[in-house]
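Engineer: Next come a sequence and a model predicted from it.
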Amino acid sequence: MTRDTNFRRVGLARVLSKLGYCSRSRASALIREGRVRLNGLPQRDPEAPVRPERDRIEVDGRAVQAQGPVWLMLNKPRGVVTSASDEKGRETVYGCLAPGLPWVAPVGRLDKASEGLLLLTNDSEWGARIAAPETHLDKTYHVQIAGLADDALAEKLEGGVRTHGGEVLRAKRVRILRQGQRNTWLVVVLDEGRNRHIRRMFEGLGIEVLRLARVAIGPLLLGDLAKGCYRPLAAEEKRMLDDAMRKDTAR
């Protein structure tokens, strides 16, 4: 057995993503465009096997070095899409980030009309655990609906609502936060996050959602972070999220 067989081989596009250079899809595009060299030779196959511990990767003639892990929290504004680029030319969450940051990916999504707490990281394995349904990490939302709510509505949402497509969606907990003369703010907690989960629940009941803001992910609170602003997670915040995932996974 030669020494090289001890090295783990991974696809080139995946390696670029894990090094924090760019997303996996963007890496595949760069490779197909001929902008990536592997050990000095052009490489156009995104799945070309790489030994990350020893192979040299260059993009546009510059060596790619591993980036340290980055964990950010952003207060996403309404009207901004959660993607690196948008075919319709809409503003994305990356417009909220300063130039020069290592590449980071959103952890899960908030739709264009929603706002609030969004995590971004170049630690893809950590992000996948945060977003995974089996982690059952609570996500807390403040939801403004048209009309006045009561305890019966909360019970319906917790018991399960059949959507127009036939899917049954439910909330883990619901309570009334405050009421006006014509609308109500609710606190809605989910321990799973399907596509447009909250909006589709209310649509199934014929109730219009006026505002939707995520205010917490597990023990991490949005707090007073201004809209459109971001900051790194404090070490204690990262530790709290890791502890919460371990506890929920062990249930």
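Structural biologist: Happy to help now that I have it.

Engineer: and Leu118, how far is that from Cys229?
Structural biologist: In this view, Leu118 and Cys229 are 12 Å apart by Cβ to Cβ, to the nearest Å. To be clear about C-beta, it is placed using only N, CA and C from the backbone, and glycine gets the same treatment.

Engineer: Find the residues that touch each one of these two.
Structural biologist: With contacts taken as Cβ atoms under 8 Å, 6 or more residues apart in numbering, the residues that reach both Leu118 and Cys229 are Leu74, Asn75.

Engineer: Give me the more crowded residue out of these two.
Structural biologist: Remark: of Leu118 and Cys229, Leu118 carries more neighbours, 24 against 12, as counted by other Cβ atoms under 10 Å.

Engineer: Let me know the helix or strand that that one is in.
Structural biologist: In this structure, Leu118 sits in strand 115-121 according to DSSP states H and E.

Engineer: Tell me which helix or strand comes right after that strand.
Structural biologist: helix 124-131.

Engineer: Contacts for that following helix, please.
Structural biologist: Under the contact criterion Cβ under 8 Å, 6+ apart, helix 124-131 has outside partners 17-18, 69, 71, 105, 107-108, 119, 121, 135, 137, 193, 217, 241, 245.

Engineer: among those residues, which are in strands?
Structural biologist: Among the contacts of helix 124-131, the members falling in strands are Trp71, Ala105, Val107, Leu119, Thr121, Ile217 (criterion: DSSP state E).

Engineer: Save the residues you listed as TSV, and put in distance to Gly34 too.
Structural biologist: As requested, those are exported to TSV (distance: Cβ to Cβ, whole Å):
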residue	distance to Gly34
Trp71	33
Ala105	25
Val107	32
Leu119	34
Thr121	29
Ile217	40
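
Engineer: Give me the contact list for stretch 229-239.
Structural biologist: 70-75, 96-97, 119-120, 220, 225, 241.

Engineer: and it, C-alpha only, in CSV?
Structural biologist: Extracted in CSV, the C-alpha atoms of stretch 229-239 (Å, rounded to 0.1, in the frame of the first residue of the first chain):
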residue,chain,number,x,y,z
CYS,A,229,-27.1,44.4,10.1
TYR,A,230,-25.1,41.4,11.0
ARG,A,231,-22.5,40.4,13.6
PRO,A,232,-20.4,37.3,14.5
LEU,A,233,-21.9,34.9,17.0
ALA,A,234,-20.3,35.2,20.4
ALA,A,235,-18.5,32.1,21.6
GLU,A,236,-21.2,31.6,24.3
GLU,A,237,-23.9,31.9,21.7
LYS,A,238,-22.3,29.3,19.5
ARG,A,239,-21.8,27.0,22.5
